[in-house]
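# A structural model of the following input is requested.
(chains A and B)
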There are 2 protein chains.
Amino acid sequence: MRVVQKYGGSSVADAESIKRVAKRIVATKQQGHDVVVVISAMGDTTDDLMDLALRVSPQPPPRELDMLLTAGERMSAALLAMAIADQGMHARSLTGSQAGIITTGTHGNARIIDITPGRITKALDEDHIVIVAGFQGVAQDTKDVTTLGRGASDTTAVALAASLGADFCEIYTDVDGVYTADPRIVPSARRIPEISYEEMLEMAACGAKILHLRCVEYARRESVPVHVRSSFSDRPGTWVRDLADLTPADPSQQQEGSLVEQAIISGVAHDRGEAKITIVGVPDKVGEAARIFEAVASTEINIDMIVQNVSAVQTGRTDISFTLPKADGARAVATLNALQDEVGFADVLYDDQIGKVSVVGVGMRSHPGVTAKFFSALAAADVNIEMISTSEIRISVVVSQDDVDRAVAAAHTAFGLDATEQAVVYAGTGR
Amino acid sequence: MRVVQKYGGSSVADAESIKRVAKRIVATKQQGHDVVVVISAMGDTTDDLMDLALRVSPQPPPRELDMLLTAGERMSAALLAMAIADQGMHARSLTGSQAGIITTGTHGNARIIDITPGRITKALDEDHIVIVAGFQGVAQDTKDVTTLGRGASDTTAVALAASLGADFCEIYTDVDGVYTADPRIVPSARRIPEISYEEMLEMAACGAKILHLRCVEYARRESVPVHVRSSFSDRPGTWVRDLADLTPADPSQQQEGSLVEQAIISGVAHDRGEAKITIVGVPDKVGEAARIFEAVASTEINIDMIVQNVSAVQTGRTDISFTLPKADGARAVATLNALQDEVGFADVLYDDQIGKVSVVGVGMRSHPGVTAKFFSALAAADVNIEMISTSEIRISVVVSQDDVDRAVAAAHTAFGLDATEQAVVYAGTGR
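Here you go, the predicted model:
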């Protein structure tokens, strides 16, 4: 088999961790597999380098920042190769550029265009373990070094797995998989043994931090099975893969109690990183909302949920609310205030004491009543819903930040996800 | 004009130093020059990375060590480019590989084979200051990253200056030039305003640490004028250039008191880094010395001076002494002891309490009596000479380590190099 493994910065924080990870890699190789490893920078290296850059220049040129930051993964890759060699195996470290990771030229946030893994396959043919510096590539046009954005080593790993025709991609991290909810909030949360790409995408978009959105998108597009697991244990983690591999394609088989049958809801995600802006008294005319969101978009702020109230007939005005990352709040408010006279709305309200709670599951496609069950559970827990948005396999609500924990726990229990019910759920009947 | 500047690690030890160096580079650019800068790793970065490597593996593979260590210059290059950009100038950092520095594949001690500076000249054409990571290149065959050996950023700079047709190469360091002797030993030592490649080579080989031997060899071969100066002041330093540019080609003109006329002796160098091995009672037969030195050479130890006594007629045996780096002493003694029975010599003596003192100057070619003057000065200072070796422009003696300071000072005075006599010396008559 051919395996791509990715280890995060916390797994290689110091010399001892590097040696430990090297042992795990060597063990995989000794099972007879071709092994390609994608590695992040050690511990806080990237943050430290960023601090240094800011001490030299308040606004470092992105090209040079990429040149600087990519040194972090280069160092951990070389050190890991040394540690593997020290255990008697051949290893070869490659930078993103050497590994053939061709990207766009957008420094700091480049996208992978193509992978030309000639040097990787040559090294594999020569029975080497290959260590690839994550998070980086080389721009197709300028041949300059690029980075893929923070945390994008996961994406590097999945992209390499696709390009190399790997059987699967293992993402090693400091937790042992994806959970039905954050175990710090819901102690009875269970590890999800397997989950579809679609659900994982929704979970990642709704605040589950374990895998980056782009990584899951890439895995889905290229059909790369991803195994998220802990670098500190040998326990299995969470498999992220095609829906077809999880549940029988024929819905009629769903009642037969297969062990891989899906719960209606796979997990409950939450996100405290957003704020809510409400624009009060917007004239209910064609194009006003567009003008407002064009203005916000022009500042490159990513808006998440949007809700527009039904216009009050007597005033001809409406309220528009949207959520956005807290970090962008001040900028968005300033942009909107500058627009007030032109558009003629009444006020801009800003609230960063909110949280988003989402239930995600492909099961809701075929099971009506999920929304009602979710909202009933929230009501029973005395949680007020401020905004609602849905997709085919997700329901998200915005609630007061103080209510987030209670809302997550209530939903988790209501959909039968608590650990004590695990056996029942997996018998396929207990919902 | 086109200028290559090189800054050492002590010049870019922290964010403040990097900003200071950036100012100097910007000032050079503002004078209208094309500027290419070669940069070392910050402060102790290389040592720190080496320590980290040894914590991971006692014998790190050289390929991976090069991958690791080259990150140091990559970081300082990027940071310097940021600091320059912060001062409003365009700057672009390049790794050795990106700068087109093609080397042999000897990791840790590669040699520059060729330079293909296309990306440098393109950046210069676009009015950028170019920052090149020193000490590194890319292997012609494997395309792997290589290093040129410790301190080889000087060589990178001179090689780039040659390849780019630069008018000269400035080597910035923490002292303001080459001195007639180490000022810590001889307080009256003077900065040498200019010196020939040949003399600089001898000085470097004899312990003057300011420029690396390979760098001077490269400068001589490619006729690159090198200006060694301090990054902490604007004072001129020492120019190293062709002999023809220093003194009139016609010896008859040497008596005319030209300002550039050379002193007989340009400087006094010393080296406490060597030890002396004496092999006692070697059978005075053809081939015995060769067997001994072949054995030592096979351990890749660099031997410096060799002295063989005249054979004592009554015994048919002789003593052979040689000097070598102290670090190699134990290995050489072990090698020789293993050879004792085969060759049949009496004993191996090891002495690391020695020092080498050398006087260097092209003037000695045309001035007889330099040796006598040197030895008289040593005798007057009560310094005993243990070994002697000479070249056309150098006389070296091995003395007891306790006598080194006295020997250097005595020679410095004897050849009229003390600062109070500077005016007289440079009138061309006072020797």
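
# just the helices in chain A please.
A:15-30, A:45-56, A:62-86, A:118-125, A:153-163, A:197-205, A:213-222, A:243-246, A:288-298, A:329-343, A:370-380, A:404-414, A:422-426 (DSSP state H).

# and the fourth one, what does it pack onto?
Using 3 or more C-beta pairs under 8 Å, 6 or more residues apart in numbering or on different chains; DSSP states H and E, the elements in contact with helix A:118-125 are strand A:34-39, strand A:91-94, strand A:129-133. The C-beta positions use only the backbone N, C-alpha and C, and glycine is treated the same way.

# any idea how far it is from the chain center?
Here the centre of helix A:118-125 is set off from its chain's centre by 30 Å, with C-alpha atoms, centre = their mean, to the nearest Å.

# which residues are in contact with it?
Applying C-beta atoms under 8 Å, 6 or more residues apart in numbering or on different chains, the contact partners of helix A:118-125 are A:2, A:34, A:36, A:92, A:94, A:98-100, A:130, A:132, A:160, A:164, B:143.

# next up, the contacts around residue A:376.
residue A:414.

# out of the helices and strands packed on helix A:118-125, the one nearest chain B is which?
Of all those, strand A:91-94 sits nearest to chain B, with 5.2 Å by C-beta to the nearest C-beta.

# nearest the geometric middle of chain A, what residue?
residue A:212 (2.5 Å; C-alpha atoms, centre = their mean).

# that residue reaches residue A:203, doesn't it?
No - in this structure, residue A:212 is not within contact of residue A:203 by C-beta atoms under 8 Å, at 11.6 Å.

# where in the stretch 251-400 of chain A is pLDDT low?
Applying pLDDT under 70 to the stretch 251-400 of chain A picks out residues A:251-262, A:310-313.

# quick one: the helices and strands packed on helix A:118-125 as TSV, columns for distance to residue B:72 too.
Output for these, formatted as TSV (distance: least, C-beta to C-beta, whole Å):
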stretch	distance to residue B:72
strand A:34-39	18
strand A:91-94	16
strand A:129-133	15
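
# in a markdown table: those, plus mean neighbour count.
Below are those laid out as a markdown table (neighbours: other C-beta atoms under 10 Å in any protein chain shown):
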| stretch | mean neighbour count |
| --- | --- |
| strand A:34-39 | 29 |
| strand A:91-94 | 27 |
| strand A:129-133 | 30 |
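
# make a markdown table out of these and add mean pLDDT.
As requested, those are exported to a markdown table (pLDDT from 0 to 100):
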| stretch | mean pLDDT |
| --- | --- |
| strand A:34-39 | 98 |
| strand A:91-94 | 98 |
| strand A:129-133 | 98 |
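
# which residue is most remote from the mean position of chain A?
Going by C-alpha atoms, centre = their mean, the residue of chain A most distant from its centre is residue A:314, 44.5 Å out.

# from chain B, how far out is it?
Taking C-beta to the nearest C-beta, to the nearest Å as the measure, residue A:314 falls 57 Å from chain B.

# then residue A:210?
According to C-beta to the nearest C-beta, residue A:210 stands 28 Å off from chain B.

# right, and that residue touches residue A:174 too?
No - if you go by C-beta under 8 Å, residue A:210 and residue A:174 don't touch, sitting 9.9 Å apart.

# circling back to that earlier point, so for residue B:328, which of the helices of chain A sits nearest?
Nearest to residue B:328, of all the helices of chain A, is helix A:62-86, at 25.3 Å by C-beta to C-beta.

# list the buried residues of that closest one.
Neighbour counts over helix A:62-86 (16 or more other C-beta atoms under 10 Å in any protein chain shown) mark A:62-86 as buried.

# next: stretch A:25-34.
In stretch A:25-34, counting by 16+ other C-beta under 10 Å, buried: A:25, A:26, A:28, A:29, A:34.

# do stretch A:369-386 as well
Using 16+ other C-beta under 10 Å as the test for burial, stretch A:369-386 gives A:370, A:373, A:374, A:375, A:377, A:378, A:381, A:383, A:385, A:386.

# mind saving the C-alpha coords of stretch A:115-123 as PDB?
Coordinates of the C-alpha atoms in stretch A:115-123 are reproduced here as PDB (Å, rounded to 0.1, in the frame of the first residue of the first chain):
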ATOM      1  CA  ILE A 115       1.600  18.400  -8.500                       C
ATOM      2  CA  THR A 116       4.600  17.000 -10.400                       C
ATOM      3  CA  PRO A 117       5.800  14.400  -7.900                       C
ATOM      4  CA  GLY A 118       8.700  13.100  -9.900                       C
ATOM      5  CA  ARG A 119      11.300  13.400  -7.100                       C
ATOM      6  CA  ILE A 120       8.900  11.800  -4.700                       C
ATOM      7  CA  THR A 121       8.200   8.800  -6.800                       C
ATOM      8  CA  LYS A 122      11.900   8.500  -7.600                       C
ATOM      9  CA  ALA A 123      12.800   8.400  -3.900                       C
END
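
# okay, residue A:210 and residue A:174: which has more neighbours?
Summary of the neighbour comparison: residue A:210 and residue A:174, criterion other C-beta atoms under 10 Å in any protein chain shown, with residue A:210 having more neighbours (20 against 12).

# how much space separates the nearest residue to that one once chain neighbours are set aside from chain B?
Spatial nearest neighbour of residue A:210, chain neighbours left out: residue A:178 (5.5 Å); criterion: C-beta to C-beta, 6 or more residues apart in numbering or on different chains. Distance of residue A:178 to chain B, computed by C-beta to the nearest C-beta: 32 Å.
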